[in-house]
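My questions concern the predicted model and sequence given below.
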Amino acid sequence: MFEIGMRCFKCGRKYPIGSVFWCPHCGGSLDIEYDYNEIEKVILTDEFKRMPISHWKYWPFYPVNSPSKAMSLGEGATPLIKSKREGLYFKYEGCNPTGSFKDRGSTVEITKAVENGVRKALCATTGNMGASCAAYCSRAGIELTVYLPKRTPRSKIEQIAAYGARVKKIPGSYNDCLRAIHELKEKENYYLVGDYPFRTEGEKSIAFELAEKARIDSVIVPIGNGTNCYAIYKGFQEFVYLGLYEKIPRIYGVQASGCAPVYRAWIENSEIKEVKPRTKASAIAVGRPIDGEKALFAIRKTGGKVIAVSDREIVLAQKELAKEGIYAELGASVPYAAYKKLDLEGQTCVLIITGTGLKER
Ligand SMILES: [Zn+2]
């Protein structure tokens, strides 16, 4: 409602809302811009302040025309669980309707697709994105085809199929799936769902919810496409800009060392180059992240770091999280493995546990 346009993160060119999925000039990822004076008029009211935390409470920060018609399954408002370790908290995204944080993005993205009269959509996924898009598309009556790597966990493929989406298994990586759907889009003018501009906006609500709960020094988040990492930064940045929060926490991004293109770019201070994923943490096995540059920006801007953790460390982190009563999938266990490598004693730190372990059989 208050969005004014899209801007390329890389080259700065501007585009009308929803006109393209990425910058046609340089291929860069797009950012949605808002009229914050208009947003301020809604959020500085007593009514807004009194409302309990929920994903759609923050509708002025989403690019939708009528929030009352949101395609919602009750996503967000996930628990912030105190660890046995002093100062450590878990934001448990496994409580979302399809078991991962992706639902925050899907509710906004599919609401937007319905507004645009979309009937048929395509999605590339390592599993969680597909399951989430399949649920929301099913509810919206949108026919969805999902491209995924052949080696995606069976339970995720079953979940996607259960929602009625068509599943195409590709003998390759997530980025091969992405190339396949981008090619098909050119030929048949399909709508794309996934890590595109509308989704980032929905994923900001993790930051909004955290900002309302506590003063946080650092946030540790897994990096697959890097979209969530940047979305959390943008959410905090918007709240700080509007005077609703004091300071953006330091953002730490975590990759599996067997698939760490963002980590490599961080260490070498270079461009992000595609790698061949070799990790058990399939949810974050993205060799060429769509929003890798944005994630690096968020991490640099806040004084955080990129950390890589081995599969052995990830498996151990999953076991240790279980001792806290939290069952996370491997890709969602990486923040705990990273936390152990960082010296954040005496700080308030939140680990974003992006998905439930139940999804990975
Ligand atoms: Zn551009």
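Perfect, thanks for sending it.

check contacts around the residue of the stretch 251-361 of the chain found nearest the ion.
Of all residues in the stretch 251-361 of the chain, residue 293 sits closest to the ion, at 11.1 Å by C-beta to the ion. Using the backbone N, CA and C atoms, a C-beta is placed for each residue, glycine as well. Shown in contact with residue 293 (C-beta atoms under 8 Å, 6 or more residues apart in numbering): 9, 10, 28, 29, 226, 272.

got it, and residue 23?
8, 10, 11, 13, 15, 29, 30.

Pull out the buried members of these.
8, 10, 15, 29, 30 (16 or more other C-beta atoms under 10 Å).

from those, which is closest to residue 143?
Checking these against residue 143 with C-beta to C-beta, the nearest one is residue 30 at 25.2 Å.

What's opposite that closest one in the beta bridge?
Residues in a beta bridge with residue 30, per DSSP bridges, are residue 8.

Quickly note the distance from it to the ion.
8 Å (C-beta to the ion, to the nearest Å).

list the contacts for that residue?
Neighbouring residues of residue 30 by C-beta under 8 Å, 6+ apart: 6, 7, 8, 9, 15, 20, 21, 22, 23, 196, 197.

what about 7 Å?
Taking C-beta atoms under 7 Å, 6 or more residues apart in numbering as the criterion, residue 30 is in contact with 6, 7, 8, 9, 15, 22, 23, 197.

Just the strands from the stretch 151-300 of the chain, written as ranges.
Under the criterion DSSP state E, counting those that start in this stretch, the stretch 151-300 of the chain contains strands at 166-170, 191-193, 218-222, 250-256.

burial count for whatever residue of the stretch 101-250 of the chain ends up closest to the ion?
Using C-beta to the ion, residue 197 is the residue of the stretch 101-250 of the chain that sits closest to the ion, at 12.5 Å. Applying other C-beta atoms under 10 Å, we find 24 residues neighbouring residue 197.

How confident was the prediction at it?
On pLDDT, residue 197 comes in at 94.

going forward can the numbers begin at 103, since that is how I track them
Right, with 103 as the first residue, what we last looked at is residue 299.

coming back round to it: now, which of the contacts of residue 125 sits nearest residue 370?
Distances from residue 370 to these, taken by C-beta to C-beta, are shortest for residue 112, at 19.2 Å.

That closest one: what's it in contact with?
125, 128, 130, 395.

run the last query once more with 10 Å
Shown in contact with residue 112 (C-beta atoms under 10 Å, 6 or more residues apart in numbering): 124, 125, 127, 128, 129, 130, 131, 132, 395, 396.

What is the nearest of the contacts of residue 132 to residue 213?
The nearest member of the contacts of residue 132 to residue 213, counting by C-beta to C-beta, is residue 299 at 13.7 Å.

Point out the residues in the protein that sit beside the ion.
110, 112, 113, 115, 125, 127, 128, 130 (C-beta under 5 Å from the ion).

Show me the strands in the stretch 103-252 of the chain, by range?
With strands called from DSSP E, counting those that start in this stretch, the stretch 103-252 of the chain shows them at 105-110, 116-117, 132-136, 182-184, 190-194, 222-226, 245-251.

Mean pLDDT for those - can I get that in TSV?
Below are the strands of the stretch 103-252 of the chain laid out as TSV (pLDDT from 0 to 100):
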stretch	mean pLDDT
strand 105-110	97
strand 116-117	97
strand 132-136	97
strand 182-184	97
strand 190-194	98
strand 222-226	95
strand 245-251	96
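
Now the two most distant members of the contacts of residue 112.
127 and 396 (17.1 Å).

Give me the more crowded residue out of these two.
Set side by side, residue 127 and residue 396 show more neighbours around residue 396, with 24 against 13, by other C-beta under 10 Å.

Can you report how many residues lie near the residue nearest to that one when sequence neighbours are not counted?
Using C-beta to C-beta, 6 or more residues apart in numbering and skipping the chain neighbours, the partner closest in space to residue 396 is residue 332 (3.7 Å). As a burial measure, residue 332 scores 30 neighbours (other C-beta under 10 Å).
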